[in-house]
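S.K.: Quick check, what structure comes out for this input:
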Amino acid sequence: MNKKTPKINSSHINFEKLKKDMDNDADFLHWDSDEKVSITHGGNGNNTDYRVFIESDQHEETGEYDVYGEYGSSINEIKSAVECFLYNGGDIESFRLDGYLNE
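M.R.: Numbers count the residues shown, from 1 in each chain. Below you'll find the predicted structure:
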């Protein structure tokens, strides 16, 4: 995400719950509803220090992923990662489906 990226409204997302789930799940994966953009992390379960990645789905021909952004595991970095996810085609509804929206 570059500095000219418009601000996305992610204020309804429960970042504390999202971070807790990321901290406790070594295989954390959150897809948008169309499975085109994902949030993953590189780390081990029960670990609070890891890298968060925003990636595309796998290209059929190359098997590669586009990485839209890489962030740290602090709550502010996770907020930035979610904004990158939304900016690159992820949808807010996917957070509702996974229980991360404050309703």
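S.K.: Just confirm Cys84 contacts Gly69, I think it does.
M.R.: Yes. The criterion here is Cβ atoms under 8 Å, and Cys84 meets it with Gly69 at 4.0 Å. Heads up, the C-betas are built off the backbone N, CA and C, glycines and all.
S.K.: Compare the two (neighbour count), which wins?
M.R.: Under the neighbour definition other Cβ atoms under 10 Å, Cys84 and Gly69 were set side by side, and Cys84 has more, 22 against 19.
S.K.: Now do the residue nearest to Met22 when sequence neighbours are not counted against Asp66, distance only.
M.R.: The spatially closest residue to Met22, leaving aside those adjacent along the chain, is Phe28, at 4.9 Å (Cβ to Cβ, 6 or more residues apart in numbering). Distance, Phe28 to Asp66, by Cβ to Cβ, to the nearest Å: 19 Å.
S.K.: who's more crowded, these two?
M.R.: When neighbours are counted by other Cβ under 10 Å, Phe28 and Asp66 differ, and Phe28 comes out ahead with 19 against 12.
S.K.: who's in contact with the residue nearest to Met22?
M.R.: Each residue near Phe28 by Cβ atoms under 8 Å, 6 or more residues apart in numbering is listed here: 21-22, 39-41.
S.K.: number of nearby residues for Asp32?
M.R.: Neighbourhood size, Asp32 [other Cβ under 10 Å]: 21.
S.K.: Identify the residue nearest it in space, chain neighbours excluded?
M.R.: With sequence-adjacent residues excluded and distances taken as Cβ to Cβ, 6+ apart, Asp32 is closest to Gly90, at 3.9 Å.
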